[in-house]
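1. model this:
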Amino acid sequence: MRCGPFVLPGPASAPRRSTCACASVRTGVARAQKPGVSCPPQREFGGDAAAGAALTVPPPHPVSMTISYVRELTLPDHTRQQHARAALRGEEQRVSRGAYVTSALWAESDLRTRYLLRVRAVGETRHFRPVLSHWSAAAIHGLPIIGDWPEAVHITVGPTSGGRSRGGVVKHSLALRDDEVVDVDDQLVTSVARTVVDLAVVASFRGAMVLADHCLHVERFDRMQPLLSRDELANQIARRMPFRGHARARAVERLATAKADSPLESVSRVTMHEIGCPPPQLQTPFHDAEGFIAETDFYWEDVGLIGEADGDQKYLDAAKRSGRTIDQVKLDEKVREDRLRALPRGVTRWRWATAISPVALHRHLSGAGIVLPRLRR
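-> Okay, here's the model as predicted:
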C-alpha cells in the first residue's frame, strides 16, 4: 500500500557496479570485459521480515574485506593450521575451504550476510572464477527470497562439465550465453534476467513470483527504473527454449507484475490464483474531499472491496515509519482506513499466515464478500 502524506521516497539507488563479462563456461576460464554495461542497483522492496523474506542485500564489496584466506599467509611462521586452531578456540569461523572470518563478525551477522560471506569465499578460492548462479546470484544482486538463505553456494559450470556437487558447492550443468554473465565486484554472476528464470525453474512458485515481481517493480514515487522489463524476461525464456522447467518459467512470467509493492502482495496473488479468485486491480488510487488517501494493494470494483496485505515492516522498520512511533503509525493506518470506508468501500486485511494458505485466504475473502469457487481439497 502506498499512502499520501506519510510516504517518503526510498533511498537513492546505489551506483551500478556490474560490467559485462565474456565467460567461457565450458572450460572454466573467464575473461572479464568492461565496456560500461551496467548491472541493476541495490534497491528496496517492502515486505515482512518475520516471514523470512530477504528484502535487500548490502553491497558485496565490504564483505570481501572481512575474509581471511589461507593463501594470503606469507610470513614463515604463518601456516594454515593457525586458522584451524583459531576456529577450534572459537576465535574464527570457517566459511569455506581456506577462508575464515572472525567469530565476532559471524555472531553479529544475519543469515543473509553469512550467506554472502560464504558466496564471496567460494568465488575467491576456486582455481578458476566460477559463475555464481541461482540463490547465490540473487544474494549478490540484492534480490529477495522467501525463506532462509541456503547453506550451499550455487554455481553454473556448463553442460559438458558435469554437475557433481560437494564441499558446500552445488554445480548446475547448464548452457550459458556470454551476455547472461556479468561482473559484480570482481565476481562472475548470472545476469538478473537469467537468475530470475533459473530460480523460476527450481524455487517454489511463490518464491519465484516474489523474485520476478521485485525485478519488474516500478517505483512510482521516486521513479526508479525496474531491474528487468517484461520484454527482457520473455526474451530470456524464449531464447532458451526448450529447457527443463520452461512451463514453470512461463507461468511465472504470465503472472508477474510491475505493480507489487511487497513480497506479501506477491504471495497473496499466487494464492488468489490457486483458489480461483477474480483478479483484483492493483495499486488503485483513492481520493476523498480532503485529497489523496492511498494506493491500495488490491481492489475488487464489482463488490467495492479493498484488500490490504498487512505486513509488519511498516510498524517495525524505522525507515518505513518516517520518524513516527509505532503507535503513531497505527493511528495513521486507522485514520486512512476510516477515510476509505467512508467512500464507502469495504476494507479487509490479512497477514502472512493467511496469504500463504489457500484454505485460510479462501475463507477470509469469501467472508469479505468475494464469490469464489469451491476449494478443492
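
2. please count neighbours and contacts with C-alpha atoms only from this point.
-> Will do.

3. so how far is residue 120 from the closest residue to residue 172 other than its chain neighbours?
-> In space, residue 172 comes closest to residue 156 once its chain neighbours are excluded; the distance is 4.6 Å by Cα to Cα, 6 or more residues apart in numbering. According to Cα to Cα, to the nearest Å, residue 156 and residue 120 sit 15 Å apart.

4. next: residue 110.
-> On the measure of Cα to Cα, residue 110 and residue 120 end up 16 Å apart.

5. who has more neighbours out of those two?
-> residue 120 (26 against 10; other Cα atoms under 10 Å).

6. for the helix or strand harbouring that one, packing partners?
-> If you go by DSSP states H and E, residue 120 is part of helix 111-125. On a contact count with 3 or more Cα pairs under 8 Å, 6 or more residues apart in numbering; DSSP states H and E, helix 111-125 meets helix 61-64, strand 92-96, helix 134-141, strand 153-156.

7. ok, and what's touching that helix?
-> For helix 111-125, contacts defined as Cα atoms under 8 Å, 6 or more residues apart in numbering pick out 54, 57, 60, 63-64, 67, 95-99, 106, 129-130, 132, 136, 139-140, 148-151, 153, 169, 187.

8. check which element follows that helix along the chain.
-> strand 131-132.

9. low-confidence stretches in the stretch 101-250 of the chain?
-> 161-163, 220-223 (pLDDT under 70).

10. tell me where it has helices.
-> 103-108, 111-125, 134-141, 192-202, 205-216, 230-238, 246-255 (DSSP state H, counting those that start in this stretch).

11. CSV for those helices, including distance to residue 272?
-> Output for those, formatted as CSV (distance: least, Cα to Cα, whole Å):
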stretch, distance to residue 272
helix 103-108, 38
helix 111-125, 29
helix 134-141, 26
helix 192-202, 19
helix 205-216, 11
helix 230-238, 22
helix 246-255, 11
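
12. quick one: closest of these to residue 288.
-> helix 205-216 (29.9 Å; Cα to Cα).

13. how about the closest one as CSV, C-alpha atoms only?
-> In CSV, the C-alpha atoms belonging to helix 205-216 read as follows (Å, rounded to 0.1, in the frame of the first residue of the first chain):
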residue,chain,number,x,y,z
PHE,A,205,6.3,-20.9,-7.2
ARG,A,206,5.7,-18.3,-4.5
GLY,A,207,9.4,-17.7,-4.2
ALA,A,208,9.8,-17.3,-7.9
MET,A,209,6.9,-14.8,-8.0
VAL,A,210,8.4,-12.7,-5.3
LEU,A,211,11.7,-12.5,-7.3
ALA,A,212,10.0,-11.8,-10.6
ASP,A,213,7.7,-9.1,-9.2
HIS,A,214,10.6,-7.4,-7.4
CYS,A,215,12.7,-7.2,-10.6
LEU,A,216,9.7,-5.9,-12.7
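
14. and the angle for that helix with helix 246-255?
-> Relative orientation of helix 205-216 versus helix 246-255 (axes from the mean of the first three to the mean of the last three Cα atoms, to 10 degrees): 50 degrees.

15. helix 205-216 packs against which elements?
-> Checking 3+ Cα pairs under 8 Å, 6+ apart, helix 205-216 ends up next to helix 192-202, helix 246-255, helix 263-274.

16. nearest to residue 363, of the ones you listed?
-> helix 263-274 (11.5 Å).

17. on contacts alone, who are the packing partners of the strand or helix carrying residue 347?
-> Per DSSP H and E: residue 347 is located in strand 346-350. Packing partners of strand 346-350 (3+ Cα pairs under 8 Å, 6+ apart): strand 305-309, helix 326-341.

18. next, count neighbours for residue 116.
-> Residue 116: 24 neighbours (other Cα under 10 Å).

19. ah, wrong one, I meant residue 353
-> 10.

20. need the nearest residue in space to it, chain neighbours excluded.
-> Residue 353's closest residue in space is residue 360 (Cα to Cα, 6+ apart), at 8.0 Å.

21. on that earlier part again, tell me what the residue nearest to residue 172 is bridged to.
-> Beta-bridge pairing for residue 156 (DSSP bridges): residue 131, residue 172.

22. so how far is residue 335 from it?
-> Distance from residue 156 to residue 335, by Cα to Cα: 51 Å.

23. for residue 211, same thing?
-> Between residue 211 and residue 335 the distance is 32 Å, computed by Cα to Cα.

24. these two - which one has more neighbours?
-> residue 211 (28 against 13).

25. find the nearest non-adjacent residue to the more buried one, please.
-> residue 144 (6.0 Å).

26. report how many residues lie close to the one you found.
-> The burial count for residue 144: 30, using other Cα under 10 Å.

27. pretty sure it sits against residue 136.
-> No. Using Cα atoms under 8 Å, residue 144 makes no contact with residue 136, being 11.5 Å away.

28. and the longest strand for the protein?
-> Longest strand in the chain, counting residues (DSSP state E): strand 291-300.

29. hmm, who's touching it?
-> 1-4, 260-261, 265, 279-287, 305-309, 336, 339-340.

30. ok so, going back, quick check: the residue nearest to residue 353 is in a helix.
-> Yes. The assignment for residue 360 is a helix, going by DSSP: H, G, I helix; E, B strand; the rest coil.

31. correct me if wrong: it contacts residue 352.
-> No. Using Cα under 8 Å, residue 360 is not in contact with residue 352, being 10.4 Å away.

32. follow-up on the earlier one: any of the contacts of strand 291-300 buried? List them.
-> Buried subset of the contacts of strand 291-300 (neighbour count, 16 or more other Cα atoms under 10 Å): 1-3, 260-261, 265, 280, 282-285, 305-309, 336, 339-340.

33. could you dump stretch 145-165 to CSV, C-alpha only?
-> In CSV, the C-alpha atoms belonging to stretch 145-165 read as follows (Å, rounded to 0.1, in the frame of the first residue of the first chain):
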residue,chain,number,x,y,z
ILE,A,145,13.7,-14.6,-1.5
ILE,A,146,11.1,-16.3,0.6
GLY,A,147,12.5,-18.3,3.5
ASP,A,148,16.1,-18.7,4.7
TRP,A,149,19.2,-18.4,2.5
PRO,A,150,20.6,-21.8,1.7
GLU,A,151,23.8,-23.2,3.1
ALA,A,152,25.3,-24.2,-0.2
VAL,A,153,26.8,-21.9,-2.8
HIS,A,154,25.4,-22.4,-6.3
ILE,A,155,27.5,-22.1,-9.5
THR,A,156,26.8,-22.9,-13.1
VAL,A,157,29.5,-24.9,-14.9
GLY,A,158,28.3,-25.6,-18.4
PRO,A,159,26.6,-28.7,-19.9
THR,A,160,29.9,-30.5,-20.6
SER,A,161,31.5,-30.0,-17.2
GLY,A,162,29.2,-32.3,-15.1
GLY,A,163,27.1,-31.3,-12.2
ARG,A,164,28.9,-33.0,-9.3
SER,A,165,28.4,-31.1,-6.1
